[in-house]
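1. What would the 3D arrangement of this be:
(one chain, ligands or ions: 1)
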Amino acid sequence: MKIISDIQDLRDQLRGQNRAVFVPTMGNLHEGHLSLMRLARQHGDPVIASIFVNRLQFGPNEDFDKYPRTFEADVEKLEKEGVYVLFAPTEKDLYPEPQEYRVEPPQNLGKILEGEFRPGFFQGVCTVVLKLFSCVQPKVAVFGKKDYQQLMVIRQMCRQLALPVDIVPAETVRADDGLALSSRNGYLSTEERQEAVQLIQTLKEIQEKVLQGKLTSADVLKIEQDACAKLSTRGWVPDYISVRKRNDLLSASDADLSSNQPLVVLAAAKLGKTRLIDNLEI
Ligand code: PAF
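-> Model (predicted):
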């Protein structure tokens, strides 16, 4: 595997590759990331991965400085997965001058859910993803459904900017007890790790209730509020637990609910100092 940090060197290395599949990451790779690499291999060749902890998508009080950086272990894992090139730019390589041109996602998608609680997050994500796409010029890129809203934001960005990149979604990889794998799970204490499974349990309970059917939007709101209250009594601080339509992530009206629109329930909640997100399609 070639490890390249300079944009021009990357372009030289990839010249003539027109079936490249790209998996952008922020490193600290776990089985979830490796499953993205394996899925990537089914969608083209060669597989290009990137590791870049993108300052632009972290808020001033978020964990940019303490975000886990495990470069050597990551390299070993990517080598085993047969990745052809790892693009690992420094901040100077990717942002040699202040990044003043930014991609601002539309309010109706970019400022809800994660966007409401992490102002600037999706602008930072879109800006870096567009720039990484411009460096790698992949035919296909793979994004995990664990970051459900991110996947939708990027899909919409590609569509609206006519970027010639197909976005392939990858299923969430979970630990045996159901907790979605995430680099941030490493922040959890032993007791918090045991408690963390309650997030997906709560989503499963909501999924079951909604699937039983015949709910109004007021019923759904009550279910969401009860779920937040239940997690709060266990010591969590929920940002949101919300049932949304899969196609636009807006709330489901009574008509949407009675016509069985495809739904997804999304949640973000803090356990101690760690903020976890998860989602479940309904
Ligand atoms: O999902 C992530 O790891 C990041 O948001 C991404 C897509 C690599 C952009 O920095």
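
2. From here on, just use CA atoms for contacts and neighbour counts.
-> Noted.

3. show me what contacts the residue in the chain that the ligand sits nearest to?
-> In the chain, the residue that lies nearest the ligand is Thr25 (3.8 Å; C-alpha to the nearest ligand atom). Neighbouring residues of Thr25 by C-alpha atoms under 8 Å, 6 or more residues apart in numbering: 33, 49-53.

4. Report the separation between it and Leu132.
-> Thr25 sits at a distance of 11 Å from Leu132 (criterion: C-alpha to C-alpha, to the nearest Å).

5. Glu31 too?
-> Where Leu132 is concerned, Glu31 sits at a distance of 23 Å (C-alpha to C-alpha).

6. Looking at those two, which one has more neighbours?
-> Leu132 (20 against 14; other C-alpha atoms under 10 Å).

7. Just the buried residues of the helix or strand where that one lies, please?
-> Taking DSSP states H and E as the criterion, Leu132 maps to helix 121-136. By 16 or more other C-alpha atoms under 10 Å, the buried positions in helix 121-136 come out as 121-133, 135-136.

8. out of the residues you listed, which touch the ligand?
-> 125, 129 (C-alpha under 6 Å from any ligand atom).

9. Looking at the buried residues of helix 121-136, spot the one nearest Leu276.
-> Phe121 (15.2 Å; C-alpha to C-alpha).

10. And the pLDDT at the closest one?
-> For Phe121, the model assigns a pLDDT of 98.

11. Arg55 versus that one, what's the distance?
-> For Phe121, the distance to Arg55 - C-alpha to C-alpha - is 10 Å.

12. do Thr172 as well
-> 24 Å.

13. those helices in the stretch 1-150 of the chain, which residues are they?
-> For the stretch 1-150 of the chain, the helices identified by DSSP state H, counting those that start in this stretch occupy 7-14, 31-41, 71-80, 91-94, 107-110, 114-117, 121-136, 148-160, in order along the chain.

14. quick revisit: which other helices and strands contact the helix holding Leu132?
-> helix 7-14, strand 21-25, helix 114-117, helix 148-160 (3 or more C-alpha pairs under 8 Å, 6 or more residues apart in numbering; DSSP states H and E).

15. Given the second one, what are its sheet partners and their directions?
-> Strand 21-25 has its sheet partners listed here by DSSP bridges as strand 47-51 (parallel), strand 140-144 (parallel).

16. contact partners of stretch 241-257?
-> 109, 149, 214-217, 220, 224-225, 227-228, 261-268, 281.

17. May I have it as PDB, with CA atoms only?
-> Extracted in PDB, the C-alpha atoms of stretch 241-257 (Å, rounded to 0.1, in the frame of the first residue of the first chain):
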ATOM      1  CA  ILE A 241     -34.700  10.800  19.400                       C
ATOM      2  CA  SER A 242     -36.800  11.300  16.300                       C
ATOM      3  CA  VAL A 243     -38.800   9.300  13.800                       C
ATOM      4  CA  ARG A 244     -38.300  10.700  10.300                       C
ATOM      5  CA  LYS A 245     -39.100   9.900   6.700                       C
ATOM      6  CA  ARG A 246     -36.200   8.200   5.100                       C
ATOM      7  CA  ASN A 247     -36.400  10.200   1.900                       C
ATOM      8  CA  ASP A 248     -35.900  13.700   3.400                       C
ATOM      9  CA  LEU A 249     -35.500  13.200   7.100                       C
ATOM     10  CA  LEU A 250     -38.500  15.400   7.900                       C
ATOM     11  CA  SER A 251     -41.100  14.400  10.500                       C
ATOM     12  CA  ALA A 252     -43.900  12.100   9.300                       C
ATOM     13  CA  SER A 253     -47.300  13.700   9.000                       C
ATOM     14  CA  ASP A 254     -50.500  11.700   9.800                       C
ATOM     15  CA  ALA A 255     -50.900  11.100   6.000                       C
ATOM     16  CA  ASP A 256     -47.200   9.800   5.800                       C
ATOM     17  CA  LEU A 257     -47.800   7.400   8.700                       C
END
